[in-house]
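Novice: Can you look at this prediction? I've put the sequence above it.
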Amino acid sequence: MPTIPESFSRDTGGTPADWLRWLPGACRDHALSLPTEHSAIVTIGQGALHLHWEVLPPRALGLARFPHLMVNYRFEGVSEPEREAFMRYFDLYMQRGGG
């Protein structure tokens, strides 16, 4: 698995309601708090992952519209092995459909 940087952004499919429904499971047994409508903090060991998302305009494919979000990830005080282990599970959990 490639090295997980301390901060990065991803374009993620779904609505804010979808994201909030999936997030607890993706965080597994790590403590999760939701300080604002568009942010979350995940406790990982002695550190934390700070998440912040914003709604983007829907993607259009013909007449179909697909919601998506820009999600910013910022690890604070989380070692590289801890980041990799967390994101390995997080990414597998968040996969939807695909081809």
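Specialist: Thanks, I have the structure now.

Novice: Helix, strand, or coil at the spatially closest residue to Arg28 that is not a sequence neighbour?
Specialist: Spatial nearest neighbour of Arg28, excluding adjacent residues (CB to CB, 6 or more residues apart in numbering): Tyr89 at 5.9 Å. Every C-beta, even on glycine, is put in place using the N, C-alpha and C of the backbone. Under DSSP: H, G, I helix; E, B strand; the rest coil, Tyr89 falls in the helix class.

Novice: One more: Arg21?
Specialist: Looking at Arg21 with three-state DSSP, the answer is helix.

Novice: burial measure for it, as a count.
Specialist: Burial measure for Arg21: 11 neighbouring residues, criterion other CB atoms under 10 Å.

Novice: For Gly13, see how far away it is.
Specialist: 13 Å (CB to CB, to the nearest Å).

Novice: can you give me the helices for this protein?
Specialist: When secondary structure is read from DSSP state H, the chain shows helices at 16-26, 80-94.

Novice: Distance to Ala60 and mean pLDDT added to those helices, as TSV?
Specialist: Below are these laid out as TSV (distance: least, CB to CB, whole Å; pLDDT from 0 to 100):
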stretch	distance to Ala60	mean pLDDT
helix 16-26	19	96
helix 80-94	23	95
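
Novice: Looking at those, which is nearest to Pro35?
Specialist: Closest of those to Pro35 is helix 16-26, at 13.2 Å (criterion: CB to CB).
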